[in-house]
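Participant: When you get a sec, could you give me coordinates for this:
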Amino acid sequence: MTRLLFPFWSSRQRLVNLLRYCSKNSLLNQGVQVHTSNLKTRFGFDLMLSNDLINMYAKCGVVGNVPLVFDRMFERNMLFLTILMCGHLQICNVKETLSLFFQMMMFSCFKPNEYTFSKNFKACGILNVLEIGMQNHCMIILYGFD
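Facilitator: This next block holds a predicted model:
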């Protein structure tokens, strides 16, 4: 049984700071405790906290817990999708990274940013799919990131 590292926090900023600390140091058990505390507060559906939760799970290599956060989000943004792509890259699920990118391009209103494109390039390099990388480069030019 793990020792409770963090007591219950009521401040949104403290929850954000704790999640970022857990992400940075790969403290999954403590991050889950922060997630539980977050659910008990009025901040449970906050966009920034949700993105930080997803980031914590991704950096700890537990992408399977992301639906727990995703299903409760009222609002989703580009950062969420990019963090999820990073999580899949981190656990070497490279095909899922590309799949998320294509789903985002086809079915969402979000436009990729430079960081999203860089993750897509990394996935293309790992899988050695030059053609998709070249398409990615064309999209970068179209979006004005050249």
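
Participant: The residue positioned nearest the centre of the chain: what's it in contact with?
Facilitator: For the chain, the residue sitting closest to the mean C-alpha position, by Cα atoms, centre = their mean, is Ile83 at 2.3 Å. Residues in contact with Ile83, defined by Cβ atoms under 8 Å, 6 or more residues apart in numbering, are Asn51, Ile54, Asn55, Ala58. Just so you know, the C-beta spots here come from the backbone N, C-alpha and C atoms, and that holds for glycine as well.

Participant: Quick one: list the elements packing against the host helix or strand of the last one.
Facilitator: Element membership of Ala58, judged by DSSP states H and E, is helix 47-59. Using 3 or more Cβ pairs under 8 Å, 6 or more residues apart in numbering; DSSP states H and E as the contact criterion, the neighbours of helix 47-59 among helices and strands are helix 12-25, helix 28-39, helix 66-70, helix 78-90.

Participant: Just put those helices in JSON lines and tack on mean pLDDT and distance to Met106.
Facilitator: Output for these, formatted as JSON lines (pLDDT from 0 to 100; distance: least, Cβ to Cβ, whole Å):
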{"stretch": "helix 12-25", "mean pLDDT": "87", "distance to Met106": "29"}
{"stretch": "helix 28-39", "mean pLDDT": "84", "distance to Met106": "30"}
{"stretch": "helix 66-70", "mean pLDDT": "69", "distance to Met106": "18"}
{"stretch": "helix 78-90", "mean pLDDT": "81", "distance to Met106": "12"}
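
Participant: Distance to Ile141 added to those, as TSV?
Facilitator: TSV is the format used below for those (distance: least, Cβ to Cβ, whole Å):
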stretch	distance to Ile141
helix 12-25	33
helix 28-39	39
helix 66-70	31
helix 78-90	19
